[in-house]
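Peer 1: Dropping a prediction and its sequence here:
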Amino acid sequence: MTNQEIFDLMDRFQRSSIHTMKLSTQEFTIELSRGSVSAPASAASVAAAAPAVPDAPAPSPALAAEGSAVTAPLVGTFYAAPAPEKPPFVQAGDRVKKGDTLCLIEAMKMLGAAGAVEAIFTALSLRDGYLPATINYRTPDPECALDVIPNQGRKADVRYAMSNSLGFGGHNGSLLLMKWED
């Protein structure tokens with residue numbers, strides 16, 4: 001399965017009404033589920049104590065016509081309330097104005113594992129012959145002749161790749177990978 005196919009699967013899941021999905025092959029397993037936990041906790045306590053977050057009801061056509069969608073500026077763990085025992089910042093149908101807190105998004109959840117995740121995607125790029133996109137790239141620099149693959153990944157004959165991990169305190173590492181050829 002290519003990276004693009006995984007992203008397409010995630011997009012279709014997001015747009016569907018399915019609450020959980022598990023796809024297993026001999027090579028990998030992908031699990032997708034809706035809902036979030038209001039505070040970080042162990043997997044055992046999450047399973048025992050955390051209720052699923054219900055899907056928000058669809059706004060009425062009149063409200064949708066006068067309002068606009070709010071999209072997250074980054075990917076992360078979504079928290080509807082400041083703490084498990086606190087009420088959510090906003091409810092479905094609430095009117096909000098610029099500057100209102102709508103939610104918390106914790107983006108550093110995978111900080112310690114980011115290098116491993118990047119190495120996995122680098123290996124998948126080699127295996128699938130696919131170069132992932134540089135997202136949100138809008139204005140090319142005429143002085144820079146790098147092939148940055150703007151906004152849309154593409155197929156390529158990739159034989160070598162390098163995964164760099166730059167950590168706090170100067171902890172840096174590079175992993176050089178070569179495509180396995182029979």
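Peer 2: Thanks, I have it. Numbers count the residues shown, from 1 in each chain.

Peer 1: nearest residue to the most centrally placed residue in the chain other than its sequence neighbours?
Peer 2: Taking Cα atoms, centre = their mean, the centroid of the chain lies closest to V75, which sits 4.7 Å from it. Of all residues not flanking V75 in the chain, A107 sits nearest, at 6.9 Å (Cβ to Cβ, 6 or more residues apart in numbering). Every C-beta, even on glycine, is put in place using the N, C-alpha and C of the backbone.

Peer 1: packing partners for the lengthiest helix in the chain?
Peer 2: Assignment by DSSP state H gives helix 114-128 as the longest helix of the chain. For helix 114-128, the contact count by 3 or more Cβ pairs under 8 Å, 6 or more residues apart in numbering; DSSP states H and E identifies helix 3-15, strand 160-166, strand 172-178 as packing neighbours.

Peer 1: Just the angle for it relative to helix 3-15, thanks.
Peer 2: In terms of direction (axes from the mean of the first three to the mean of the last three Cα atoms, to 10 degrees), helix 114-128 departs from helix 3-15 by 120 degrees.

Peer 1: Return the set of buried residues in helix 114-128.
Peer 2: Going by neighbour count (16 or more other Cβ atoms under 10 Å), the buried part of helix 114-128 is G115, A119, F121, T122, A123, L124, S125, L126, D128.

Peer 1: mind putting the helices and strands packed on helix 114-128 in TSV, mean pLDDT included?
Peer 2: Converted to TSV, the helices and strands packed on helix 114-128 look like this (pLDDT from 0 to 100):
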stretch	mean pLDDT
helix 3-15	78
strand 160-166	89
strand 172-178	90
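
Peer 1: Dump these into CSV; add mean neighbour count as well.
Peer 2: Converted to CSV, the helices and strands packed on helix 114-128 look like this (neighbours: other Cβ atoms under 10 Å):
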stretch, mean neighbour count
helix 3-15, 13
strand 160-166, 13
strand 172-178, 12
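
Peer 1: what does the model give G99 for pLDDT?
Peer 2: On the pLDDT scale, G99 is placed at 84.

Peer 1: returning to what we had before: which of the helices and strands packed on helix 114-128 sits closest to K22?
Peer 2: helix 3-15 (11.1 Å; Cβ to Cβ).

Peer 1: Average pLDDT for whatever helix or strand comes next after the longest helix of the chain, rounded please.
Peer 2: Counting by DSSP states H and E, the element after helix 114-128 in chain order, helix or strand, is strand 130-131. Strand 130-131 carries an average pLDDT of 92.

Peer 1: ok, and the closest non-adjacent residue to T122?
Peer 2: Using Cβ to Cβ, 6+ apart, the nearest residue to T122 is S163, at 4.2 Å.

Peer 1: Report the beta-bridge partner residues of that neighbour.
Peer 2: S163 has the following beta-bridge partners by DSSP bridges: L175.
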